[in-house]
Every structure is written in structure tokens, then in C-alpha cells.
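Visitor: Please work out how this folds:
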Amino acid sequence: MDIIISNASGKPIYEQIVTQIKGMIVSGTLVQGEALPSMRLLARDLRISLITTKRAYEELERDGFIETVPGKGSFVARRNMEIIREEQLRRVEELIREAAGEARGSGIALEELVEILRIYYQEG
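Guide: Residues are numbered from 1 along each chain as shown. Prediction:
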């Protein structure tokens, strides 16, 4: 599992881990029932505190993305496709909100922004 931590990011490390694992689950890179690395192993691989990985896993479990089985580890939770779709829509809305704010602040007209989106969407 490739997780990239950025010290330059304004996000806390645990949040970077949560975001990336959620993304892997939503995209299907991590599938239902797949084992995640142990908290200790992930902490060692990322060279971060065990407390940080514990916090990330707890948040993922609270949000229903993973399940932890005592003595066995953490696994990608069984997910309802409707919930996955809702998460994908939420991520896209967040990105579009950011893009709209940037466009407004830069004086880019709505029509231009829509055309840019259309071009990127059709590229595939």
C-alpha cells in the first residue's frame, strides 16, 4: 500500500493517511475484506508515531471504511455501493468547490470554467 506523507501539507499526518486510504477504497484499489498493514508496520514504514496510525485507523473505522478484528488486524469493510457513490460525489463536490473559488478569484467566467471541466471530463 503506497501512502505518501507530505510535511509541506497543511493537513495533519493522520488525516493524510485517512484521505489516501479512503481514496484507495473508493477507487477499488483496496477491496472488501483486504487486510491493511498493522498499525505498527504502517508506522514503521512511514516513519511516524504509532499513535498517529492508531488515530487514522480509528477514524477509518468510525467512518465505516475499515473493520478491526482483535488479534487478526484491520480489513476493508463491506461497503454498500450507495455509500461508496456518495463518498465519490462528496470528493468531487469538494474539488469543484475549490476550483470554483479559484476561478472566481482569478476572474475566470463560469462559462470558461464549465468548458475547462467539459474538456477534462471528455479526455477520459
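
Visitor: Quick one: list the elements packing against the helix or strand of the chain with the lowest mean pLDDT.
Guide: Using mean pLDDT, DSSP states H and E, the weakest-scoring helix or strand in the chain turns out to be helix 81-106, at a mean of 88. For helix 81-106, the contact count by 3 or more C-beta pairs under 8 Å, 6 or more residues apart in numbering; DSSP states H and E identifies helix 13-27, helix 110-123 as packing neighbours. For glycine as for every other residue, the C-beta is placed from the backbone atoms N, C-alpha and C.

Visitor: Would you check the distance separating that helix from the middle of the chain?
Guide: Distance of helix 81-106 from the chain centroid (C-alpha atoms, centre = their mean, to the nearest Å) equals 13 Å.

Visitor: Residue 68 versus residue 77, what's the distance?
Guide: For residue 77, the distance to residue 68 (C-beta to C-beta, to the nearest Å) stands at 10 Å.

Visitor: list the residues that contact both of the two?
Guide: Residues touching both residue 77 and residue 68 by C-beta atoms under 8 Å, 6 or more residues apart in numbering: residue 61.

Visitor: Now do the contacts for the most centrally placed residue in the chain.
Guide: The centre of the chain sits closest to residue 19, judged by C-alpha atoms, centre = their mean, with a distance of 2.8 Å. Residue 19 is in contact with residue 11, counting by C-beta under 8 Å, 6+ apart.

Visitor: returning to what we had before: most tightly packed of the helices and strands packed on helix 81-106?
Guide: helix 13-27 (a mean of 18; mean count of other C-beta atoms under 10 Å).

Visitor: Break the protein into its domains for me.
Guide: In terms of domains, the chain is parsed into 13-76, 81-123 (source: automatic domain parsing).
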